[in-house]
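> Structure of the sequence below:
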Amino acid sequence: MGGDHGPRVTLPACRDFLERHPQASLLLVGMPDALSSFSHPRATVVAATEVVGMDDPVEVALRKKRDSSMRVAIQQVKDGAAQAAVSAGNTGALMAIARYLLKTLDGIDRPAIAPQLPNSKGGATTVLDLGANVDCDAEDLLQFAVLGSALVSALTGNESPSVGLLNVGEEAIKGSETIKKASQLLRKAANSQDLNFYGNVEGNDIFKGTTDIVVCDGFVGNITLKATEGVASMIVDFLRIEYSNGLFSKLAAIISYPVLKALKKRLDHRRYNGAALLGLRGLVFKSHGSADEVAFGHALDRAYDAARNNLLDRVRARIAHAAPLLARQESAAADTAALHA
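Okay, the predicted model is just below:
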């Protein structure tokens, strides 16, 4: 029911998803009248009487709309009726409801949003956090690295994905105090073989594919995401403008069209839609609110791949392996607090 377009986009995407994945089934959660036109042997409508609006405050979504489609969908995951939930709705509300119903995994303080961005190697770089946590400390960034490693391992089969820490330079002396401390924690994790830490990376390394994973706070990450989407839109606008100009421009555009078309496809943010909310005791994926049928279909694909590749179990295993390191940081923080007191 959520997103800018609602069922007129999500329902066609769901039908296409079911045709492409004969082993999958869907629970369509929402207002029965809005979903009455959809019929498929592997789809079941689950009724909800309310919808969280894109501009609803988190408090309204969490405390007043207790029978919203978003909440009912996440409840299906909690009850074991579904292996994953996908929503294009209000991001803040989705995070709050998911955290309230599912809770965070032991050793994880904050869930993180982890989408993938295209890189020049032909693959994608997983970046987290991209908006869930604006203010992060060094321990949060360490946890994000553990979560991101589990995600990439589950989806790609790479058991030792490389992790980069987003910074203003590669040198260890650069960055804020939080970044410097996070770098120290990540190096300790690498020494104990909990992570494959590459070191500091810069913004252009995301698109070079220097590392499989890039860790940052949600403020920086969200700006990065929106900038990437802006580049893709710029290419589309460039093609349109060049084709409408004079004869020489049209000829140049025609000659360069195959290259520009391939670049446009590589940067098409719809192909990378569907960000995991990592760190919860259940799988929840966030689709972009403006997603069309193609984009929402990719979000469904990501949730399906995560479920069938046992992402949740892999996350738990990574956290369990890193538990001594995480516990040491909690103990150190407690000792520091006691000293200041």
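> what about the strands in this structure?
26-30, 43-47, 84-87, 112-114, 116-118, 124-128, 162-166, 196-201, 213-215, 275-278, 283-286 (DSSP state E).
> Now tell me which of these the model trusts least on average.
Ranked by mean pLDDT, these bottom out at strand 116-118, with a mean of 86.
> Quick check: which helices or strands does it pack against?
With contacts defined as 3 or more Cβ pairs under 8 Å, 6 or more residues apart in numbering; DSSP states H and E, strand 116-118 has these neighbours: strand 124-128, helix 203-208, helix 218-244. Placement of C-beta: from N, CA and C, glycine included.
> ok, back up a step: may I see the strands of the chain organised as CSV, with distance to residue 96 and mean neighbour count added?
As requested, the strands of the chain are arranged in CSV below (distance: least, Cβ to Cβ, whole Å; neighbours: other Cβ atoms under 10 Å):
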stretch, distance to residue 96, mean neighbour count
strand 26-30, 17, 21
strand 43-47, 21, 16
strand 84-87, 12, 25
strand 112-114, 13, 28
strand 116-118, 24, 23
strand 124-128, 18, 26
strand 162-166, 26, 24
strand 196-201, 31, 21
strand 213-215, 23, 29
strand 275-278, 11, 28
strand 283-286, 12, 26
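> Redo those as TSV? Include distance to residue 70.
Below are those laid out as TSV (distance: least, Cβ to Cβ, whole Å):
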stretch	distance to residue 70
strand 26-30	8
strand 43-47	12
strand 84-87	6
strand 112-114	16
strand 116-118	23
strand 124-128	22
strand 162-166	30
strand 196-201	35
strand 213-215	28
strand 275-278	12
strand 283-286	10
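> just for the stretch 51-200 of the chain, where's the confidence low?
Within the stretch 51-200 of the chain, no stretch has pLDDT under 70.
> before we move on, the earlier item: tell me which of the strands of the chain sits nearest to residue 189.
With Cβ to Cβ as the criterion, residue 189 lies closest to strand 196-201 of those, at 6.4 Å.
> Other residues contacting the closest one?
With Cβ atoms under 8 Å, 6 or more residues apart in numbering as the test, strand 196-201 has contacts from 145, 149, 160-167, 169-172, 174-175, 179, 183, 186-187, 189-190, 210-211, 214.
> ok and it relative to strand 162-166, angle-wise?
Strand 196-201 runs at 30 degrees relative to strand 162-166, counting by axes from the mean of the first three to the mean of the last three Cα atoms, to 10 degrees.
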